[in-house]
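Enquirer: requesting a structural model of the entry that follows:
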Amino acid sequence: MTILRVLYFSLFLATFACQSAPQPEPQKAAEPKASADQDADKQKQEAEAKKAKEKDLSHKRRDLDYAKVGQQTNEIERRMRTMTIETQLHDAEVELQKQRKELELHQKETAPREVEEHRISLDYQIHRAEEAKDELAELESMYKDDEFASKTKELVIKRGRRQAEMADRNLAVSRREFAVFEGHTMPERERDLLKKVRDAELALEKARMEKQKSMMELDVQQRQAEDKVKDLGVEIAELEKKLAEGKK
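Expert: Residues are numbered from 1 along each chain as shown. Got it, this is the predicted structure:
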């Protein structure tokens, strides 16, 4: 029994000694490996970020080239539109001057002359009708107590009456024609000329407004193109600076 107790006690001491001995820490052994992984991940992220910046820089340089070409085409378009607008404005001014001159010519020269011509024609018809009546009266007076054959007398008087009748009818037509010409034809012509003047004035005003509108649009387009080139230049410079700092 004594021997067994001694053995049991010895085994107990050995077990206690094993449990009391310091054990190695697994976490400390894994720390170098984790640090290496973190460094690798960081380098990978930095490489990807650099690649993304280089790609972005390449795109912005390309966009800058396009923006410069767009700026040049905008300038060409500006000159072309300006030439077109100036031509339209000049044509509108010339057309207005033309219509105003035609209206002035009509009011001062054409209308008075044509009215006078029609008045002269009417006066001629009046005088012709009066002459025809006077001739008829003279024939009737001359043949009243004349001893010529009655047939000859009737023929002459009949002819005179027809002439007087035709003169009266021509006079009536001439009066109506003159009234229409003076009261309708000439005012209608003047209204047409006035309308052409108003239309030309509106066209000129429209051309001026179109010029103003186009100049504003072209100025905005030009500023936008200039700002785009400037902004892209700034962005490219910033990206180039970041990439240069990343190499250090």
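Enquirer: what count of nearby residues applies to residue 107?
Expert: Counted with other Cβ atoms under 10 Å, the neighbours of residue 107 add up to 14. All C-beta atoms are positioned from the backbone trio N, CA, C, and that covers glycine.
Enquirer: in this structure it contacts residue 187, no?
Expert: No: with contact defined as Cβ atoms under 8 Å, residue 107 does not reach residue 187; the gap is 11.4 Å.
Enquirer: list the residues that contact residue 218.
Expert: Residue 218 is in contact with 74, 77, 78, 81, 82, counting by Cβ atoms under 8 Å, 6 or more residues apart in numbering.
Enquirer: now restrict those to buried residues only.
Expert: Buried members of these, counted by 16 or more other Cβ atoms under 10 Å: 74, 78.
Enquirer: just put the contacts of residue 218 in JSON lines and tack on distance to residue 169.
Expert: Output for the contacts of residue 218, formatted as JSON lines (distance: Cβ to Cβ, whole Å):
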{"residue": "74", "distance to residue 169": "76"}
{"residue": "77", "distance to residue 169": "71"}
{"residue": "78", "distance to residue 169": "71"}
{"residue": "81", "distance to residue 169": "66"}
{"residue": "82", "distance to residue 169": "66"}
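Enquirer: which of the contacts of residue 218 fall in helices?
Expert: Using DSSP state H, 74, 77, 78, 81, 82 are the members of those that sit in helices.
Enquirer: so which residue is smack in the middle of this protein?
Expert: Centroid-nearest residue in the chain: residue 210, 6.3 Å away (criterion: Cα atoms, centre = their mean).
Enquirer: give me the element that one is part of.
Expert: Taking DSSP states H and E as the criterion, residue 210 maps to helix 186-247.
Enquirer: tell me which helix or strand of this protein sits lowest on mean pLDDT?
Expert: Within the chain, confidence by mean pLDDT, DSSP states H and E is lowest for helix 2-20 among all helices and strands, at a mean of 52.
Enquirer: next structured bit after the helix or strand in which residue 62 is found?
Expert: Secondary structure assignment for residue 62, by DSSP H and E: helix 26-105. With elements assigned by DSSP H and E, the helix or strand that comes after helix 26-105 is helix 111-144.
Enquirer: how much space separates residue 132 from residue 57?
Expert: Going from residue 132 to residue 57 by Cβ to Cβ, to the nearest Å gives 107 Å.
Enquirer: who has more neighbours, those two?
Expert: When neighbours are counted by other Cβ under 10 Å, residue 132 and residue 57 differ, and residue 132 comes out ahead with 21 against 17.
Enquirer: distance of the more buried one relative to residue 167?
Expert: Going from residue 132 to residue 167 by Cβ to Cβ gives 4 Å.
Enquirer: with residue 117 instead?
Expert: Distance from residue 117 to residue 167, by Cβ to Cβ: 20 Å.
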